[in-house]
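*Asks:* coords please:
(2 chains)
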Amino acid sequence: MKLLERMLGLSLVCVLLYLAFPVNSHAQVDVYDFETVEQEQRFRQLSNEFRCPMCQNANLSSSPGGVAADLRREIYRMIIEGQTDTQIEEFMLSRYGDFVLYRPRLTTQTILLWFGPLLFLLAGIWIGWNVIRNSASRKSSTRNADGSFTVANNSQAVADVVISAEERKRLNRLLAENDLPTNANDMTGR
Amino acid sequence: MSKLKLFLPVIIFFVLAIFMWRGLYQDSRTLPSVLIDRPLPEFQLRSLELGDQLLSTADLPDEPFILNIWGSYCLPCLQENPIFMAAKDQQIIPIIGLNYKDRDESARNWLEINGNPFELNIIDDSGRYGIDLGVYGAPETFLVDANGVIRFKHIGVINYQIWEDEIMPAIAAVRAGGDS
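*Replies:* Take a look at the predicted model:
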């Protein structure tokens, strides 16, 4: 029990530490003077949105890489020069390509990336729908005039299964042999 | 038809598996350059050789040449230097250096100690021109054609194998393209 308490305590400390120092605390510190708060916010937002081409799994604001610092400096310069976010994005794209965007643009190349998950969801729904429909129709079977059964099969390619009276007897016998508390008549679902 | 349906999950599995398997071995560190087939960006920069004189793209060779991004701090650059030295000795292709985010003194020392394969060393101490080139760290190597258009880029160190298998064919292709 002591051990459990200790482990709980330790994980609590870990959680608190994580909350106290969120991921953003890795941000690199640049000393830039902005004319307005809005400019500073744009700088933060942009350097968070672009991906560092060198350290690849970090954004510009958290990457310690040399090129990331250079790119932050360029973003700062462009903001001070009064360029729009679109212009800055164009600057980055024309030099480093789509790679620098964490949120990829919608192009013919990225269509699958954007809508692939939806495609999989729809496929899942379609498969699920078919499974449910199959299992529902499997229960329905009809009794023919000669006493045989027609078990409806959902798949049209496969012919309906017809059980003759003789086959029914055999089936009943087999079921009895296996000591099952049922007989072929139950297959009507009634 | 229903047989096919039965195998559909297996088929989907194999298609996905092949893509993911390939993904495992894909080099995600080297980015495709967006500058291929675009003219070399303009610059106004000093060089190690010509003092304070500012150079531009007009000062670069009129024939196909290699533009190598290097720095004295860069170990892989030291590794590929002998290859460029050999290329210089055999007069395969002119090689221009872009001394990237370095100090002039350290760069000169480095060239003196290790040999200087470069016809000219353009100085990009701030790294600003490197950004225009989409550079994200030395060494990177561009192949520029006679019209000043970037035709090929290699990211990272060049060894003899890469030189033979990638750079030489690229040079041949650029020369063939320039003749027509």
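*Asks:* look at the most centrally placed residue in chain A and report its pLDDT.
*Replies:* Residue closest to the average C-alpha location in chain A (Cα atoms, centre = their mean): A:Pro117, at 6.0 Å. Note on A:Pro117: pLDDT of 93.
*Asks:* now it: which helix or strand?
*Replies:* When elements are assigned from DSSP states H and E, A:Pro117 belongs to helix A:111-138.
*Asks:* quick one: low-confidence parts of chain A?
*Replies:* Along chain A, the model assigns pLDDT under 70 to residues A:1-4, A:7, A:10, A:14-27, A:138-161, A:179-190.
*Asks:* mind doing that once more with 90?
*Replies:* In the predicted model, chain A carries pLDDT under 90 at residues A:1-35, A:51-59, A:61-66, A:97-113, A:134-190.
*Asks:* what ranges does it have for its helices?
*Replies:* With DSSP state H as the criterion, chain A has helices at A:2-20, A:37-49, A:66-80, A:85-96, A:111-138, A:165-177.
*Asks:* how about those helices in CSV, adding distance to B:Gln79?
*Replies:* Just so you know, the C-beta spots here come from the backbone N, C-alpha and C atoms, and that holds for glycine as well. Shown next, in CSV, are the helices of chain A (distance: least, Cβ to Cβ, whole Å):
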stretch, distance to B:Gln79
helix A:2-20, 41
helix A:37-49, 33
helix A:66-80, 20
helix A:85-96, 25
helix A:111-138, 37
helix A:165-177, 78
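*Asks:* out of those, flag the one nearest B:Ser72.
*Replies:* Of all the helices of chain A, it is helix A:66-80 that lies closest to B:Ser72, at 14.2 Å by Cβ to Cβ.
*Asks:* show me how far that closest one is from its chain's centre.
*Replies:* Put simply, helix A:66-80 sits 34 Å off its chain's centre (Cα atoms, centre = their mean, to the nearest Å).
*Asks:* can you list the residues that contact it?
*Replies:* Contacts to helix A:66-80, defined as Cβ atoms under 8 Å, 6 or more residues apart in numbering or on different chains, come from residues A:28, A:30, A:32, A:34-35, A:39, A:42-43, A:46-47, A:50, A:52-55, A:58, A:60-61, A:87-88, A:91-92, B:101, B:126-128, B:130-131, B:135-137.
*Asks:* picking up where we left off before, nearest to B:Phe65, of the helices of chain A?
*Replies:* Across the helices of chain A, closest to B:Phe65 is helix A:85-96 (Cβ to Cβ), at 21.2 Å.
*Asks:* and the helices of chain A, which is most packed in?
*Replies:* helix A:66-80 (a mean of 20; mean count of other Cβ atoms under 10 Å in any protein chain shown).
*Asks:* give the buried subset of the contacts of helix A:66-80 as a PyMOL selection command.
*Replies:* Those of the contacts of helix A:66-80 that count as buried under 16 or more other Cβ atoms under 10 Å in any protein chain shown are selected in PyMOL with:
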select buried, (chain A and resi 39+42+43+46+47+50+52+53+54+55+58+60+61+88+91+92) or (chain B and resi 101+127+130+131+135+136+137)
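*Asks:* picking up where we left off before, closest to B:Leu75 out of the helices of chain A?
*Replies:* Taking Cβ to Cβ, helix A:66-80 is the member of the helices of chain A nearest to B:Leu75, at 14.8 Å.
*Asks:* looking at chain B, which helix is longest?
*Replies:* Chain B, longest helix under DSSP H: helix B:2-24.
*Asks:* any idea of the angle that one forms with helix A:111-138?
*Replies:* 150 degrees (axes from the mean of the first three to the mean of the last three Cα atoms, to 10 degrees).
*Asks:* are helix B:2-24 and chain A in contact anywhere?
*Replies:* Yes - judged by Cβ under 8 Å from any Cβ of the partner chain, helix B:2-24 comes into contact with chain A at B:Ser2.
*Asks:* after that helix, which helix or strand is next?
*Replies:* Next along the chain after helix B:2-24, taking DSSP H and E as the criterion, comes strand B:65-70.
*Asks:* buried residues of that following strand, list them for me.
*Replies:* Those would be B:65-70, for strand B:65-70 by 16+ other Cβ under 10 Å.
*Asks:* sheet-wise, list the partners of that strand with their directions.
*Replies:* strand B:95-100 (parallel), strand B:140-144 (antiparallel) (DSSP bridges).
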